[in-house]
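# what follows is a predicted structure for the sequence shown.
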Amino acid sequence: MPEGPEIRRTADRLAEAVAGRALASAWFVFPALKRHERTLRGRTIEAISARGKALLVRFDHGWTLYSHNQLYGVWRVVAAGERPDTARSLRVALETAERAILLYSASDVAMWRTDALTEHPFLTRLGPDVLDPKLDADAVESRLQDRRFAGRRLAALLLDQRFLAGMGNYLRSEVLFEAGIDAARRPADLDVGERRRLARALLAVPARSYRARGIEAAAGMRADYLTDTPDAFRFHVFDREGLPCEHCGTPIRRSESGGRRLYFCPRCQR
DNA sequence: CTTTAAACCTGCTGGC
DNA sequence: TGCCAGCAGGTTTAAA
């Protein structure tokens, strides 16, 4: 689901189940995609990957399926022929001989030719993926100094997928806390040390979340991320309003920015 | 240009 | 139990 680490984990899980396999059938609820059902039959799923919060399924005939889960989309892996009893609405079903991958609830789904000059319009606007292992702190630092981004408040910038794809709302709070920087600051106003700390946190926090299997290791949605499973990603500020900061003991505060929840330590973040 | 507010997609939770 | 409002980890659009 939602942020970059969770989407990438989903891609891993789907790839493990069906990548390299031939499709026995394909089904779409969307009228615009119906015509692909026939052409996909017998095609091989070459790869399943994530780019930011977009999930991509590449087929061997030069087409790629794009899906965006927004807040509610869910990909599931089931045995071939199985259709779990759920209130969610099924949107896509890709079935191999042994297993099927099912997309529920998402409405932002498209197919496009992978070798076409025009990429999916959403992808062309994305910045580098925060989870890309080739992305290093130097690159993030120089991006912070890019004049497209340097004058913007970090609160808004860290959610902007054109800056870094895959960032999201819980990561925003956690990255700023890790860097010790207030969300109202702008990249242009940071000193060298602060900029360095922010660049490192922008890479380290999402990577840590990904390694911990994101915030839904336990498999569901809300509530699950509050339970302290040993290998789960642990929040330091997000969803911790009123609890003491682990560094200084000051109560964590909650505010709103861009209509989204923002949590921070008023003392540690300057 | 940036920021803000509202709308939209859908599902879950809590209160009455 | 059932209904409804409110909220949600996202994004787009229009207005300020």
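Good, I have the coordinates.
# please make it C-alpha for all contacts and neighbour counts, starting now.
Fine.
# ramachandran angles for the residue of the stretch 1-150 of chain A found nearest DNA strand C?
At 3.8 Å from DNA strand C, A:Q70 is the closest residue in the stretch 1-150 of chain A, using Cα to the nearest atom of the strand. Dihedral pair for A:Q70: phi 50, psi -130, per degrees, to the nearest 10.
# thought it was touching A:E6?
No - judged on Cα atoms under 8 Å, A:Q70 makes no contact with A:E6 at a distance of 11.9 Å.
# ok, the two, which is more surrounded?
A:E6 (23 against 16; other Cα atoms under 10 Å).
# can you tell me, leaving aside adjacent residues, what's nearest to the more buried one?
Leaving out its chain neighbours, the residue that sits closest to A:E6 by Cα to Cα, 6 or more residues apart in numbering is A:G214, at 5.1 Å.
# right, and the one you found touches A:F235 too?
No - using Cα under 8 Å, A:G214 is not in contact with A:F235, being 11.0 Å away.
# more neighbours: the two, which one.
A:G214 (27 against 16).
# the more buried one and DNA strand B, how far apart?
18 Å (Cα to the nearest atom of the strand, to the nearest Å).
# ditto for A:L14
Counting by Cα to the nearest atom of the strand - A:L14 and DNA strand B are separated by 20 Å.
# before we move on, what about A:T44?
Taken as Cα to the nearest atom of the strand, the span from A:T44 to DNA strand B is 28 Å.
# who does that residue bridge with?
A:A22 (DSSP bridges).
# which residues does it contact?
A:19-23, A:59-60 (Cα atoms under 8 Å, 6 or more residues apart in numbering).
# kindly recompute the last result at 10 Å.
Going by Cα atoms under 10 Å, 6 or more residues apart in numbering, A:T44 touches A:18-24, A:58-61, A:96.
# got it, and A:A165?
A:3-4, A:51-54, A:123, A:125-132, A:158-159 are the contacts of A:A165 under Cα under 10 Å, 6+ apart.
# if we use 6 Å, what do you get?
When contacts are counted by Cα atoms under 6 Å, 6 or more residues apart in numbering, A:A165 touches A:52, A:126-129.
# quick one: buried ones out of the contacts of A:T44?
Using 16 or more other Cα atoms under 10 Å as the burial test, these include A:18-24, A:58-60, A:96 as buried.
# residue ranges of the helices in chain A, please?
For chain A, the helices defined by DSSP state H occupy A:4-18, A:36-40, A:121-124, A:137-145, A:154-157, A:169-179, A:192-211.
# same question for the third one, mean pLDDT?
The reference is to helix A:121-124. In this model, helix A:121-124 has an average pLDDT of 84.
# give the buried residues for that helix.
Buried residues in helix A:121-124 (16+ other Cα under 10 Å): A:L123.
# how far does stretch A:162-175 sit from its chain's centre?
Here stretch A:162-175 is found 9 Å from its chain centre; the criterion is Cα atoms, centre = their mean, to the nearest Å.
# anything in that stretch near DNA strand C?
Yes - using Cα under 7 Å from any atom of the strand, stretch A:162-175 reaches DNA strand C at A:166-170.
# any regions of chain A where pLDDT drops low?
A:1, A:116-117, A:216-231 (pLDDT under 70).
# that older thread, tabulate the helices of chain A in JSON lines, adding columns for distance to A:A80.
Shown next, in JSON lines, are the helices of chain A (distance: least, Cα to Cα, whole Å):
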{"stretch": "helix A:4-18", "distance to A:A80": "11"}
{"stretch": "helix A:36-40", "distance to A:A80": "16"}
{"stretch": "helix A:121-124", "distance to A:A80": "31"}
{"stretch": "helix A:137-145", "distance to A:A80": "43"}
{"stretch": "helix A:154-157", "distance to A:A80": "43"}
{"stretch": "helix A:169-179", "distance to A:A80": "35"}
{"stretch": "helix A:192-211", "distance to A:A80": "28"}
